[in-house]
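A.B. asks: sequence and predicted structure, then a few things I'm wondering about:
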Amino acid sequence: MRVGVDAQLAVGSATGIGEYVAGLIAALETAGIDAVGLREPRLDPWRFDRRVLWDQFLLPLAAARSGAQLLHCASGTMPALCPRPIVVTVHDVAWLRTQHHAPAYARYYFGRFSADRYHRARRVVVDSEFSRGEVLACTSVDAARVDVVYPGVADDYFAIVREVQADPFVLVVGTIEPRKNLEVLVRALAHLDRSVRLSVVGPATAYERHCRAVASQLHVTGRIDWLGYVPRRTLLELYARAALVAVPSLYEGFGYAAAQALCAGTPLVVSNAPSLIEVVAGAAPALDPQDVEAWVEQIRAVLADRARAEEHAQVVRSAATARFAWRVAAAQTCEVYAKALVS
């Protein structure tokens, strides 16, 4: 079976979806699928007009040239017209639920325009049971055609060797946007020991300026490292050295940073967003995302007994690596492809 996989978001500074696409293609090939990554390196996927050009015109042409029997639109968008059977991965419906700060044209294209086309896909893949419920609530897709497949975590996270640092830092990974709720950690930092730092990894939006202003008001600016997009090796080192990973999101379809922390053996604290509760499956504390005091207390508890936190993280690590192995995700995705080709 030859499958064309939309890999455009793996071009340049790949975020969570880029990580997903790269891991999926490699795992499919290991599973015996002829997976062809479809991409145009000269096209910036983060420019809106270029993204629309790719999705609606260049992607179906690339699929035709590849000779693929099936097109897997792995980034939540799909062409309105394409003669090939399509499987689409819908990571979340944040554009319909939370992205109110974004320009209206982006909200429409990634939100309603995309959602109204999912019923044309042979199968819809979602990252969690929570996202399955969200897709069914927001679209006209038949529930029988929606499959839950947890994204895999790359093997190099499984191989991380923890290096506990004397000077602790809390690691936050993800696009710096309102739904990721970085502000609660900035506010918590003001109540923590001055030796504690916050390391923030991810592409910036206007929300970063808001968080920087809050940090300035609370006099913690010098304790926050704004790292932006970092090379993969650096990111792995941060997971190895962080005292804990914090995921305080208001809304997630899955929560890659949480799954990566579990597989890396890094102590973890998450918000009680439904998808994050699903991902951690009881392996990490889940807090009210708006309760600054709760975050302060939980971070203090982890830092007060770091040996215990490390021991717990190692205990839950093996179960996490089994749940989030790419071989598992690839096998389930192959089953989805088989159903798509006979439906």
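C.D. replies: Right, received. Where do you want to start?

A.B. asks: any low-confidence regions in the stretch 151-300 of the chain?
C.D. replies: Residue ranges of the stretch 151-300 of the chain with pLDDT under 70: none are present.

A.B. asks: can you map out the strands along it?
C.D. replies: Using DSSP state E, counting those that start in this stretch, the strands of the stretch 151-300 of the chain run over 169-173, 197-201, 224-228, 244-247, 268-271, 286-287.

A.B. asks: with respect to F57, which of the ones you listed lies nearest?
C.D. replies: strand 224-228 (31.3 Å; Cβ to Cβ). Glycine gets a C-beta too; all of them are placed from N, C-alpha and C.

A.B. asks: that closest one pairs with which strands, parallel or anti?
C.D. replies: Sheet pairing of strand 224-228 (DSSP bridges) gives strand 197-201 (parallel).

A.B. asks: and the protein, what are its domains?
C.D. replies: As assigned by automatic domain parsing, the chain contains the domains 2-152+325-342, 155-323.

A.B. asks: any chance of JSON lines for those, columns mean neighbour count?
C.D. replies: Formatted as JSON lines, the domains of the chain follow (neighbours: other Cβ atoms under 10 Å):
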{"stretch": "domain 2-152+325-342", "mean neighbour count": "19"}
{"stretch": "domain 155-323", "mean neighbour count": "19"}
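
A.B. asks: quick revisit: turn the strands of the stretch 151-300 of the chain into a markdown table, columns for distance to A340.
C.D. replies: Formatted as a markdown table, those follow (distance: least, Cβ to Cβ, whole Å):
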| stretch | distance to A340 |
| --- | --- |
| strand 169-173 | 32 |
| strand 197-201 | 35 |
| strand 224-228 | 38 |
| strand 244-247 | 32 |
| strand 268-271 | 33 |
| strand 286-287 | 35 |
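
A.B. asks: quick one: closest of these to A137.
C.D. replies: Closest to A137 of the strands of the stretch 151-300 of the chain is strand 268-271 (Cβ to Cβ; 20.5 Å).

A.B. asks: just how off-centre is that closest one within its chain?
C.D. replies: Computed by Cα atoms, centre = their mean, to the nearest Å, the separation of strand 268-271 from the middle of its chain amounts to 15 Å.

A.B. asks: ok, N272 - contacts?
C.D. replies: Residues in contact with N272 (Cβ atoms under 8 Å, 6 or more residues apart in numbering) are 286-289.

A.B. asks: again, only this time at 10 Å
C.D. replies: Neighbour list for N272: 248, 285-289, 291, 294 [criterion: Cβ atoms under 10 Å, 6 or more residues apart in numbering].

A.B. asks: equivalent analysis for E40, please.
C.D. replies: By Cβ under 10 Å, 6+ apart, the contact list for E40 reads 7-8, 11, 50, 53-54, 58-59, 62.

A.B. asks: the same query, at a cut-off of 7 Å, please.
C.D. replies: E40 makes contact with 8, 54, 58, according to Cβ atoms under 7 Å, 6 or more residues apart in numbering.

A.B. asks: closest to A309 out of those?
C.D. replies: The closest of those to A309 turns out to be Q8 (Cβ to Cβ; 38.9 Å).

A.B. asks: isn't the closest one right up against W54?
C.D. replies: Yes: between Q8 and W54 a contact is recorded at 5.2 Å, counting by Cβ atoms under 7 Å.

A.B. asks: any shared contact partners between those two?
C.D. replies: The contact sets of Q8 and W54 overlap at 40, 45 (Cβ under 7 Å, 6+ apart).

A.B. asks: ok, the spatially closest residue to L198 that is not a sequence neighbour - contacts?
C.D. replies: Counting by Cβ to Cβ, 6 or more residues apart in numbering, the nearest residue to L198 once its immediate chain neighbours are dropped is I224, at 4.7 Å. Applying Cβ under 7 Å, 6+ apart, one finds that I224 lies in contact with 198, 200, 215.

A.B. asks: just to revisit the earlier point, between the strands of the stretch 151-300 of the chain, which one is nearest to A319?
C.D. replies: Among the strands of the stretch 151-300 of the chain, strand 268-271 sits nearest to A319 (Cβ to Cβ), with 13.3 Å.
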